[in-house]
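1. heads up, no residue letters with this:
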Ligand SMILES: Nc1ncnc2c1ncn2[C@@H]1O[C@H](COP(=O)(O)OP(=O)(O)OP(=O)(O)O)[C@@H](O)[C@H]1O
């Protein structure tokens, strides 16, 4: 999307999609999952791609790493158009484009030791002798915060958060230039989500990665992102620097995704520079009586009706933009009722 508020990237994008469209056959028609999307991410940058379920985030990411074909548009990696690369040509590219999936339970082979899982990509690309591979695996496991004996154990012997660290080690071991994390914490317990988000942010900074993080919940990722792209029904409806989008959302859909307590990127950078300390728990907004999952409804409702709070009794006419909720102009009873 060409948005005048989007700053010029600090360096050339390492991965860029231009006017990308992806469709799937559904019955007799084609479903447009990604509709003319342009997106790019540079080294040293974190781009958050957010939107509700089914908006097209995963399909966009898979198309950008060339894991699925595209209908039209182009994908450029490191200055080369890879849209029509053959599988053979893509082999070298894929080494530098890694993905972390959302479910660490499904994505790790339970029959392989963690050492073998993390060594596999190195072996596939014939990167090093047996000893060199073992050393790289040990160093990478340490880098993601796993215990020293992790290599000889099996995924089933680890917690969900530790399993996601194994997935991250597997993606990191090839020293990629891009990591895509597709909702990396959505399958994890809320108590460890901030740790994994913080780990990925630390690795992004340490390795100077181009990092594309996908999330439903903007509140979960806005404190680690430089830029945010908001996706709705296959399109990017808003994109810009995180502070601008969080501070002054231009699209009602973005407003609905926002937390009532945005953190500035200055806070985020300070935390990363300080390092060492665990990331603070992500502030959750006050619950909304109108829509239990809406992070912004209370604030947004106040904009529409300044006197309104989520404990007010009686009926109020408010705008509810929460995805999946009804459109604006809803009259809601606040005496326990919900839209
Ligand atoms: N292989 C497929 N065949 C048919 N339809 C698909 C396929 N993959 C995705 N879709 C459809 O494309 C649309 C976008 O799906 P996608 O998984 O990209 O959304 P998403 O925003 O990542 O959702 P979620 O947050 O739930 O992962 C959805 O309507 C989905 O049902």
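-> Thanks, I have the structure now. Values in this document were obtained by computation on a predicted structure and should not be read as measured data.
2. and the helices in the stretch 1-150 of the chain?
-> Secondary structure of the stretch 1-150 of the chain (DSSP state H, counting those that start in this stretch): helices at 57-64, 87-94, 114-124, 130-143.
3. residue 65 is in contact with residue 85, correct?
-> No - Residue 85 is beyond contact range of residue 65, at 11.5 Å (criterion: CB atoms under 8 Å). Glycine gets a C-beta too; all of them are placed from N, C-alpha and C.
4. neighbour-wise, which of those two wins?
-> Counted by other CB atoms under 10 Å, residue 85 and residue 65 do not tie: residue 65 has more neighbours, with 21 against 17.
5. now the more buried one: phi and psi?
-> phi -100, psi 10 (degrees, to the nearest 10).
6. deepest of the helices of the stretch 1-150 of the chain, which one?
-> Burial of these is given as mean neighbour count (mean count of other CB atoms under 10 Å); helix 57-64 ranks first at a mean of 24.
7. got a list of contacts for that helix?
-> Contact partners of helix 57-64, identified using CB atoms under 8 Å, 6 or more residues apart in numbering, comprise 15, 17, 20, 22, 33-34, 37, 39, 49-51, 68-70, 75, 99, 180, 182, 212, 214, 231.
8. what parts of the stretch 101-250 of the chain come near the ligand?
-> Neighbours of the ligand within the stretch 101-250 of the chain, by CB under 6 Å from any ligand atom: residue 216.
9. which residue would be the closest one in the stretch 101-250 of the chain to the ligand?
-> Nearest residue of the stretch 101-250 of the chain to the ligand: residue 216, at 5.7 Å (CB to the nearest ligand atom).
10. ok, that residue touching residue 182?
-> No - using CB under 8 Å as the test, residue 216 is too far from residue 182 to be in contact (11.1 Å).
11. give me the number of residues near the residue of the stretch 101-250 of the chain closest to the ligand?
-> 18.
12. check residue 247 too.
-> Applying other CB under 10 Å, we find 11 residues neighbouring residue 247.
13. list the contacts of residue 82.
-> Contacts of residue 82 (CB under 8 Å, 6+ apart): 66, 75, 76, 89, 90, 93.
14. out of the helices of the stretch 1-150 of the chain, nearest to residue 245?
-> Taking CB to CB, helix 57-64 is the member of the helices of the stretch 1-150 of the chain nearest to residue 245, at 15.9 Å.
15. ok, that closest one near the ligand or not?
-> Yes - using CB under 6 Å from any ligand atom, helix 57-64 comes into contact with the ligand via 57, 58, 59.
16. for that helix, the distance to its chain's centre please.
-> Relative to the chain's own centre, helix 57-64 is displaced by 11 Å; criterion: CA atoms, centre = their mean, to the nearest Å.
17. which strands or helices does whichever helix or strand residue 202 is part of pack on?
-> With elements taken from DSSP states H and E, the one containing residue 202 is helix 190-207. Packing contacts for helix 190-207, counted by 3 or more CB pairs under 8 Å, 6 or more residues apart in numbering; DSSP states H and E, involve helix 160-172, strand 178-182, strand 210-215, helix 218-221, helix 265-274.
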